[in-house]
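Engineer: Dropping a prediction and its sequence here:
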Amino acid sequence: MACKVLFTTSRGIEDIVVQELNLLGIEAKPRLFGLDGWVWGFVDQPLTLAQVCYQSRTIYRGLLVLAEGEVRRTQEGLQDIYEIVKSIDWTEWMTPEATFCVRSNRSGRHHYQSPDIERTSGQAVIDKILELKGHRQKVKLANPDVMVRVDVTGERCVVGIDFVGEEAMQRRGYRVYDHPAAINAVLAAAMILTSDWKPEEQMVDPMCGSGTILIEAALMAKKVAGGFFRKDNFAFRSLPYFSSLNFDDLMHEWDTKADWNVKAKLFGSDISPKHIAGAKLNAERALVYDTISWEVLDAAELTKIFAKGSVRCIIVNPPFGVRSGSVAKAKEAHRLLIQVAGDVLSEDGRLVVITHHPEWLEMLIPVADLTISKRFHVLHGDLPAEILVIRRKESSSQSMGVHLT
Ligand SMILES: C[S@@+](CC[C@H](N)C(=O)[O-])C[C@H]1O[C@@H](n2cnc3c(N)ncnc32)[C@H](O)[C@@H]1O
């Protein structure tokens, strides 16, 4: 039985998600109906979706699609949603004792809000089960057995079962030290995947904060599943549909893909001793302390550690100067990055930066004989940002690809 699935992710990295899903054995297509942040695929059975949700590093959620259709933007759209949700035989997914709730993400202009969609859809589920089996299904708003999602984007409505649950996949479960401006782990993984980095090549994050980018790189190098540290935190575990399966055993089997002995060449530094201490705690918790070196260092001093041309990838999230710190300091940090990239990157090296201020880099790049080879328009929290892949001018014709899962 082929099942249609919808993966949600950050706007702008859909093509990177497709590459990762292909490596995990799933045929996927980005932005069906032109919708940002949505990637579609087919799996052979629902259990494969659970496995992909567990392993992926670039998705937020995975939904098993049960119905979809067009809805009006006017108040009558709620009736359309009711009909779509009621067309599903929910008794296949819920035992009489199971609890459920509906969550909705809505984007675009509508004469109704997400809570209206949730209320209407919840009623449709209850009415359908009442009609078919004569009992009233119980609603539970926190930690239900079945989380139904009804997402409406423009005039498109997708109804499915959420396999990930309340906390999306960027919550990896290894962060014990919280940096005030930490990068979301899904965006960090996407930056690494698009950099073409391989574990035997030197990677540096000279403004590493709590170490997210390097920890993600180390876990990728060791082929550790994205869900490894949140094993108990997946909605699919409580789905009545899977009640005969032992997910502890299954996850153990899926984990055999990991190779904890792999050592990658990873270096992280930050001007703040407090953040480096926090990054070390996070790396310890993520079981990758053996493969990342840490220093308290001003990025301007990176050439004291790395010789000219010795670094293959700098992957970095400099300060944006928006939530904390001054704009002038953030601008100076961007200038420094271009300077150190020119100094330490190898001929085929890459500087991958996520920034709210691409114009600061664009001004300096030509002067430093660098060029932008790719750009992705993403959301960093609720801030629009860009991921830029920058390289030396003379190597700009070389191909890029994804080597890690
Ligand atoms: C946006 S934060 C990085 C957050 C990090 N990606 C994480 O996930 O925790 C930017 C970091 O740049 C550091 N920084 C700013 N200027 C620096 C400089 N000249 N040299 C080294 N680090 C610097 C700050 O201390 C801050 O931790």
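Structural biologist: Yep, that arrived.
Engineer: Quick one: neighbours of residue 326, just the number.
Structural biologist: 10 (other C-beta atoms under 10 Å). Yep, even glycine has a C-beta here, placed from its N, CA and C like the rest.
Engineer: any idea how far residue 250 is from it?
Structural biologist: Noted for residue 326: a distance of 50 Å to residue 250, by C-beta to C-beta, to the nearest Å.
Engineer: pretty sure residue 179 is touching residue 213, no?
Structural biologist: No. Assessed by C-beta atoms under 8 Å, residue 179 is found out of contact with residue 213, at 11.5 Å.
Engineer: More neighbours: these two, which one.
Structural biologist: residue 213 (30 against 20).
Engineer: Residue numbers of the protein in contact with the ligand?
Structural biologist: For the chain, the residues in contact with the ligand (C-beta under 6 Å from any ligand atom) are 179, 181-183, 206-210, 212-213, 270-272, 275, 298-299, 317-319, 333, 336.
Engineer: Now list the buried members of those.
Structural biologist: Buried by 16 or more other C-beta atoms under 10 Å: 179, 181-183, 206-210, 212-213, 270, 275, 299, 317-319, 333, 336, out of the residues of the chain next to the ligand.
Engineer: Which residue does the chain have closest to the ligand?
Structural biologist: residue 209 (2.7 Å; C-beta to the nearest ligand atom).
Engineer: ok, now which ones touch that residue?
Structural biologist: The contact partners of residue 209, by C-beta atoms under 8 Å, 6 or more residues apart in numbering, come to 179, 181, 182, 183, 270, 272, 275, 278, 279, 317.
Engineer: Please report the distance of the residue lying closest to it once chain neighbours are set aside from residue 208.
Structural biologist: Nearest residue to residue 209 in three dimensions, chain neighbours excluded: residue 179, at 4.2 Å (C-beta to C-beta, 6 or more residues apart in numbering). Distance, residue 179 to residue 208, by C-beta to C-beta: 9 Å.
Engineer: Any chance you could list residues touching both of those two?
Structural biologist: residue 275.
Engineer: on that earlier part again, show me the buried ones among the residues of the chain next to the ligand that map onto helices.
Structural biologist: Using DSSP state H, the subset of these located in helices is 212, 213, 275, 333, 336.
Engineer: and the next element down the chain from the lowest-mean-pLDDT helix or strand in the chain?
Structural biologist: Every helix and strand of the chain was ranked by mean pLDDT, DSSP states H and E. The lowest is strand 106-107, at a mean of 90. Next along the chain after strand 106-107, taking DSSP states H and E as the criterion, comes helix 114-133.
Engineer: packing partners for that following helix?
Structural biologist: Helices and strands touching helix 114-133, by 3 or more C-beta pairs under 8 Å, 6 or more residues apart in numbering; DSSP states H and E, are helix 77-86, strand 99-103, strand 146-153.
Engineer: Mind listing what's buried along the strand or helix carrying residue 376?
Structural biologist: Element membership for residue 376 (DSSP H and E) is strand 370-380. For strand 370-380, a neighbour-count test (16+ other C-beta under 10 Å) marks 370, 372, 373, 376, 378, 379, 380 as buried.
Engineer: any chance of the residues you listed in JSON lines, with pLDDT and distance to residue 162 too?
Structural biologist: Output for the buried residues of strand 370-380, formatted as JSON lines (pLDDT from 0 to 100; distance: C-beta to C-beta, whole Å):
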{"residue": "370", "pLDDT": "95", "distance to residue 162": "42"}
{"residue": "372", "pLDDT": "96", "distance to residue 162": "37"}
{"residue": "373", "pLDDT": "96", "distance to residue 162": "36"}
{"residue": "376", "pLDDT": "97", "distance to residue 162": "25"}
{"residue": "378", "pLDDT": "96", "distance to residue 162": "22"}
{"residue": "379", "pLDDT": "91", "distance to residue 162": "20"}
{"residue": "380", "pLDDT": "89", "distance to residue 162": "24"}
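Engineer: Now compare those and name the two farthest from each other.
Structural biologist: 370 and 379 (25.5 Å; C-beta to C-beta).
Engineer: The strand or helix carrying residue 339 to strand 370-380, inter-axis angle?
Structural biologist: Using DSSP H and E, residue 339 falls within helix 327-344. Counting by axes from the mean of the first three to the mean of the last three C-alpha atoms, to 10 degrees, helix 327-344 lies at 140 degrees to strand 370-380.
Engineer: C-alpha coordinates for helix 327-344, CSV please?
Structural biologist: C-alpha atoms of helix 327-344 as CSV (Å, rounded to 0.1, in the frame of the first residue of the first chain):
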residue,chain,number,x,y,z
VAL,A,327,24.3,46.4,14.9
ALA,A,328,27.8,47.8,14.6
LYS,A,329,29.3,44.7,16.3
ALA,A,330,27.2,42.4,14.1
LYS,A,331,28.4,44.2,11.0
GLU,A,332,32.0,43.8,12.2
ALA,A,333,31.5,40.1,12.8
HIS,A,334,30.3,39.7,9.2
ARG,A,335,33.4,41.6,7.9
LEU,A,336,35.6,39.3,10.0
LEU,A,337,34.0,36.2,8.4
ILE,A,338,34.9,37.3,4.9
GLN,A,339,38.4,38.2,6.1
VAL,A,340,39.1,34.8,7.7
ALA,A,341,37.4,32.9,4.8
GLY,A,342,39.9,34.6,2.5
ASP,A,343,42.7,33.6,4.8
VAL,A,344,42.1,30.0,5.8
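Engineer: Now that helix: average pLDDT?
Structural biologist: Mean pLDDT, computed over helix 327-344, is 95.
Engineer: Strands of the stretch 151-300 of the chain, residue ranges please.
Structural biologist: Taking DSSP state E, counting those that start in this stretch to define them, one finds strands in the stretch 151-300 of the chain at 156-162, 203-205, 266-270, 292-296.
Engineer: Which residues does the third one contact?
Structural biologist: The contact list for strand 266-270, computed with C-beta under 8 Å, 6+ apart, reads 202-209, 211, 213-214, 217-218, 276, 279, 291-297, 299, 302, 305-306.
Engineer: Now the buried members of these.
Structural biologist: Counted by 16+ other C-beta under 10 Å, the contacts of strand 266-270 give 202-209, 211, 213-214, 217-218, 276, 279, 291-292, 294, 297, 299, 302, 305-306 as buried.
Engineer: Outline the domain layout of this protein.
Structural biologist: 3-162, 185-223+259-396 (automatic domain parsing).
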